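Peer 1: Sequence and predicted structure below; questions after.
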Amino acid sequence: MSDWQPERESYSTEFGERDASTQSNKRSIEGPDGLVISVHGPEGRTRRRPVLITLDGRRVSERFPLESPRCVLGRDMSADVKVADGEVSREHCIITWDNFADHDAEPKCRLQDMGSTNHTYLNKKKISGVVALHDGDIIRIGRTSLGFFIKDDRVLKLDQMLMTMALHDALTGVYKREYFFSELHREFERSRRHHRPLTLAMLDLDHFKEVNDTYGHINGDTVLREFADLVRMSLREGDICGRYGGEEFAVIFPETELLGAADAVDRIRANVAQHVIRLEDGRTLSITVSGGVAPLDPAHQDKMDLLNDADRALYRAKKNGRNRLEFLRRSEEDGTKPVQQIPEDLNEQSADEDTEAPV
């Protein structure tokens, strides 16, 4: 952690704890489809609050409402707003909400660099000392741009709800196909431009039609939700999972070589095979999943080439017995010929495990 200290002489406000009486002023409003949204603030009002919105990168449109008088932005895990950007310092800059204790006042906020390596920019100008922030300002740290906005709590909650609905699959909670494709395009172009590794995986539940036919579509939805949860728990923060269609999912592994992604996918496969799903009617069932993995290759012209390689690897896993992992890498000789590369320890038991699939 750095030795940075704020320039206290620039601030006249003394911050205290949130007034206890504020906690009794909770309100609820009814949003779309009857959703009840809780808000805070004095009688008849909702609070105006600063919020940071990511304007680019893989976390584009993500909201970070300020919840305290100080908000540190940086790469460190202890930062209030964690920015996964190699050009961002661990503690890069700080936003101070001067009149945080006054729930009726329009927020007054200031920005200060914390001795970062690559500096902090406000509206394209490098800042020095403490500068005031205004609604609509753009903060840039490293390669990441964040918009600074002042929003009503009620509007902010509705805005966040609508953004979640727009980007995430309602059933499983992973990204929708459209947003996933935009992220795949972004990562493909970034990795190719900077000569960085990138790997894509396709996952497909085995015999899922039989699950629907035997247990019904409602229980089939339960299976999809629990599978998505297992996938999310197995991924790193920067990995990107989307629902490709039906029971087929896809995962982007940025900054990851082929074998690293293959290990992650095989952990998912093993976790799914061991997991017991309990249905509402008391019955239980188990499922298996097949995976296909492909790394970025110089021969790929666009993201669809990478996607097609991962899909062909998935088809091979299905053909070779299911409940297994296969991957595809283009040969270095002609740039087009698929070459199967399967580590012996990943699939040595897969064929036996799937002789009689659970479903």
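Peer 2: Cool, got the structure.
Peer 1: quick one: low-confidence parts of the stretch 201-350 of the chain?
Peer 2: 331-350 (pLDDT under 70).
Peer 1: Can you show me the helices along this protein?
Peer 2: According to DSSP state H, the chain carries its helices in the segments 153-167, 177-194, 208-215, 217-234, 258-274, 303-319, 344-347, 350-353.
Peer 1: Now that we have the ones you listed, can you turn them into TSV and tack on distance to residue 135?
Peer 2: To be clear about C-beta, it is placed using only N, CA and C from the backbone, and glycine gets the same treatment. Formatted as TSV, those follow (distance: least, C-beta to C-beta, whole Å):
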stretch	distance to residue 135
helix 153-167	13
helix 177-194	27
helix 208-215	48
helix 217-234	34
helix 258-274	41
helix 303-319	36
helix 344-347	52
helix 350-353	56
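Peer 1: will you turn those into TSV that also has distance to residue 72 and mean neighbour count?
Peer 2: Shown next, in TSV, are the helices of the chain (distance: least, C-beta to C-beta, whole Å; neighbours: other C-beta atoms under 10 Å):
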stretch	distance to residue 72	mean neighbour count
helix 153-167	21	16
helix 177-194	26	16
helix 208-215	45	16
helix 217-234	27	17
helix 258-274	30	19
helix 303-319	35	20
helix 344-347	41	14
helix 350-353	46	16
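Peer 1: between those helices, which one is nearest to residue 145?
Peer 2: Shortest separation from residue 145 across the helices of the chain is recorded for helix 177-194, at 14.1 Å, computed as C-beta to C-beta.
Peer 1: With residue 328 as the reference, name the closest of the helices of the chain.
Peer 2: Of the helices of the chain, nearest to residue 328 by C-beta to C-beta is helix 303-319, at 4.0 Å.
Peer 1: can you list contacts of the closest one?
Peer 2: Contacts to helix 303-319, defined as C-beta atoms under 8 Å, 6 or more residues apart in numbering, come from residues 181, 184-185, 188, 198, 200-204, 206, 250, 290-294, 296-297, 299-300, 324-330, 338, 340.
Peer 1: are any of these buried, and which?
Peer 2: 181, 184, 188, 198, 200-204, 206, 250, 290-294, 296-297, 300, 324-330, 338 (16 or more other C-beta atoms under 10 Å).
Peer 1: ok so, going back, okay, and which of the contacts of helix 303-319 map to strands?
Peer 2: Using DSSP state E, the subset of the contacts of helix 303-319 located in strands is 198, 200-204, 250, 290-294, 325-330, 338, 340.
Peer 1: Which residues are in contact with residue 148?
Peer 2: 50, 51, 52, 95, 109, 133, 134, 135, 136, 137, 138, 139.
Peer 1: Of those residues, keep whichever come out buried.
Peer 2: Buried by 16+ other C-beta under 10 Å: 50, 51, 52, 95, 109, 133, 137, 139, out of the contacts of residue 148.
Peer 1: Please determine how far the third one is located from residue 150.
Peer 2: Translated: residue 52. From residue 52 across to residue 150, the span is 11 Å (C-beta to C-beta, to the nearest Å).
Peer 1: hmm, back to that, in strands, which of the contacts of residue 148 appear?
Peer 2: Using DSSP E, the contacts of residue 148 in strands are 50, 51, 52, 95, 109, 133, 137, 138, 139.
Peer 1: correct me, but residue 84 touches residue 237?
Peer 2: Yes: the pair formed by residue 84 and residue 237 meets the contact definition of C-beta atoms under 8 Å, at 6.9 Å.
Peer 1: Of the two, give the one with the bigger neighbour count.
Peer 2: Ranked by neighbour count (other C-beta atoms under 10 Å), residue 84 and residue 237 place residue 84 first, with 16 against 8.
Peer 1: Not counting sequence-adjacent ones, nearest residue to the more buried one?
Peer 2: residue 238 (5.6 Å; C-beta to C-beta, 6 or more residues apart in numbering).
Peer 1: what number of residues lie near that neighbour?
Peer 2: Look at residue 238: counted by other C-beta under 10 Å, it has 14 neighbours.
Peer 1: Same check on residue 77?
Peer 2: Neighbour tally, residue 77, other C-beta under 10 Å: 8.
Peer 1: Then residue 78?
Peer 2: 10.
Peer 1: Can you check what pLDDT the model gives it?
Peer 2: Residue 78 is assigned 88 on the pLDDT scale.
Peer 1: Ok, the one 5 residues further on next?
Peer 2: At residue 83, the model reports a pLDDT of 88.
Peer 1: residues contacting the nearest residue to it once chain neighbours are set aside?
Peer 2: Counting by C-beta to C-beta, 6+ apart, residue 144 is the residue found nearest to residue 83 once chain neighbours are left out, at 5.3 Å. By C-beta under 8 Å, 6+ apart, the contact set of residue 144 is 54, 56, 57, 83, 85, 88.
Peer 1: same question, residue 172
Peer 2: When contacts are counted by C-beta under 8 Å, 6+ apart, residue 172 touches 224, 225, 227, 228, 243.
Peer 1: Swap in 6 Å and give it another go.
Peer 2: With contacts defined as C-beta atoms under 6 Å, 6 or more residues apart in numbering, the neighbours of residue 172 are 224, 225, 228, 243.
Peer 1: if I look at the residue lying closest to it once chain neighbours are set aside, how far off is residue 137?
Peer 2: Excluding the flanking residues, the one nearest residue 172 by C-beta to C-beta, 6+ apart is residue 228, at 3.7 Å. Between residue 228 and residue 137 the computed distance is 37 Å (C-beta to C-beta).
Peer 1: go on, residue 185?
Peer 2: According to C-beta to C-beta, residue 185 stands 29 Å off from residue 137.
Peer 1: How about residue 49?
Peer 2: Applying C-beta to C-beta to residue 49 and residue 137 gives a distance of 15 Å.
Peer 1: No further queries at this time; thank you.
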